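Colleague: Kindly return the folded structure for what I paste below:
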Amino acid sequence: MLRSLRPLITLWVVSAALPAVGASGFAGEFLAVGAGARGLALGNAYMATARDATAGYWNPAGLSGAVREVHLMHAERYAGLVDQDFVAATFDAPYTDGAAISLLRLGVEDIAFTTLPNPAAPLGPDNRPLVSSTETSADYALYLSGGRQVSDRLALGLSAKVIYRSVADFSAYGGGLDVGVRYRLSEDFVLAGTLRDVTTTPIVWDGGTDRIQPSVLFGVGYTRSVGPGVASLLLSSRGGGDASDQSNAPINAGVEYQHGNLSLRAGLDEERQSFGLGLQPHARLGLDIAYLQHPDLEETYLLSARIGF
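Modeller: Prediction:
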């Protein structure tokens, strides 16, 4: 089944990347794929409690209390049809309580372009399509982010991002801003919000300009001790953005239970279930694994490593 769907996946990726003038319905969809195996295992509902190097992607306000670490993630989505990579590092920076630099990549390798031996003749047994070339479609987003604790309860954050998109002989550049806020109602309860692509992010191709429309993400996190460990319940929703249905804002949910060096996770991203496992074999090393289901395509496995310093 997966091989029969490969042309459809390739068509979606290529059509989303090809230049179009005006607001494209999918210009910024690759920015919504998520980052880090922990956040994805939690159903993409991680933005309220992200306090690691992935916070520059989820909610830059979380960097105000982020640990100093390097974060590496790799996934081969849908049995290897789509590659996803994410790398991030936190550091100290002036005027912030924590900063991060992050790189997200989403790509499809070996896209086959075909031609007929005799283009003037109809398709037939003696005039079958031949592969003329293979190309790669890739999207990159580089984030530079910072967070600041402005009061005991309130933290603010900002991410500046540079975007590069390419498919075959086409390429484009763009840039935008994300703004994050995090408010701690109590020791157990956190509210958060992220306004992505605040000023409408332009993606400039040789033949025109796409624009990523602003979107708003809201998140809630509740954490408390349960038995010998700590349990967390996370909820988030998104409104606006590209190709959105304002009457049906998606609800994402995640649960996590941590006991000692082991964490168990589960999530729901609309109708897609996810599960994950976190291990802390060393004080400065963490490993996260995520399993993502999809109703039409094969499952995805993700692996993240967190190295503290």
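Colleague: C-alpha from now on. contacts and neighbour counts both.
Modeller: Will do.
Colleague: Show me the shaky parts of the stretch 101-250 of the chain.
Modeller: Where the stretch 101-250 of the chain drops to pLDDT under 70, the residues are 110-113, 132-135, 241-248.
Colleague: can you give me the strands in it?
Modeller: Ranges of strands in the stretch 101-250 of the chain, per DSSP state E, counting those that start in this stretch, are 130-149, 154-167, 170-184, 189-196, 201-205, 208-212, 215-226, 229-240.
Colleague: ok, the fourth one: who's next to it in the sheet?
Modeller: Just to be clear, that refers to strand 189-196. Applying DSSP bridges, strand 189-196 is found paired with strand 170-184 (antiparallel), strand 215-226 (antiparallel).
Colleague: Only the buried residues of the shortest one, if you could.
Modeller: By neighbour count on 16 or more other C-alpha atoms under 10 Å, the buried set for strand 215-226 is 215-223.
Colleague: Report the beta-bridge partners for Glu69.
Modeller: Taking DSSP bridges as the rule, Glu69 bridges to Gly308.
Colleague: Could you dump the strands paired with strand 189-196 into TSV and include distance to Ser151?
Modeller: As requested, those are exported to TSV (distance: least, C-alpha to C-alpha, whole Å):
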stretch	distance to Ser151
strand 170-184	9
strand 215-226	19
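Colleague: Out of the ones you listed, which is closest to Thr209?
Modeller: Closest to Thr209 of those is strand 170-184 (C-alpha to C-alpha; 8.7 Å).
Colleague: one step back: ok, the buried residues of strand 215-226 vs Leu42, which is closest?
Modeller: Nearest to Leu42, judged by C-alpha to C-alpha, of the buried residues of strand 215-226 is Gly221 at 11.6 Å.
Colleague: can you tell me the distance between the two ends of stretch 89-101?
Modeller: Stretch 89-101 has its terminal residues 6 Å apart, counting by C-alpha to C-alpha, to the nearest Å.
Colleague: Would you mark the buried spots in that stretch?
Modeller: By neighbour count on 16+ other C-alpha under 10 Å, the buried set for stretch 89-101 is 89-91, 96-101.
Colleague: Keep only those of those that are in strands.
Modeller: Judged by DSSP state E, the subset of the buried residues of stretch 89-101 located in strands is 89-91, 98-101.
Colleague: Adding distance to Val67, write those out as TSV.
Modeller: Output for those, formatted as TSV (distance: C-alpha to C-alpha, whole Å):
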residue	distance to Val67
Ala89	10
Thr90	7
Phe91	9
Gly98	8
Ala99	10
Ala100	10
Ile101	14
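Colleague: Now flag whichever of those is closest to Thr49.
Modeller: For those, the closest approach to Thr49 (C-alpha to C-alpha) belongs to Gly98, at 15.2 Å.
Colleague: and that closest one, what is it in contact with?
Modeller: Contacts for Gly98 (C-alpha atoms under 8 Å, 6 or more residues apart in numbering) come out as 63-66, 90-92, 146-148.
Colleague: who touches Pro295 in this structure?
Modeller: Counted by C-alpha under 8 Å, 6+ apart, Pro295 has contacts 271-272.
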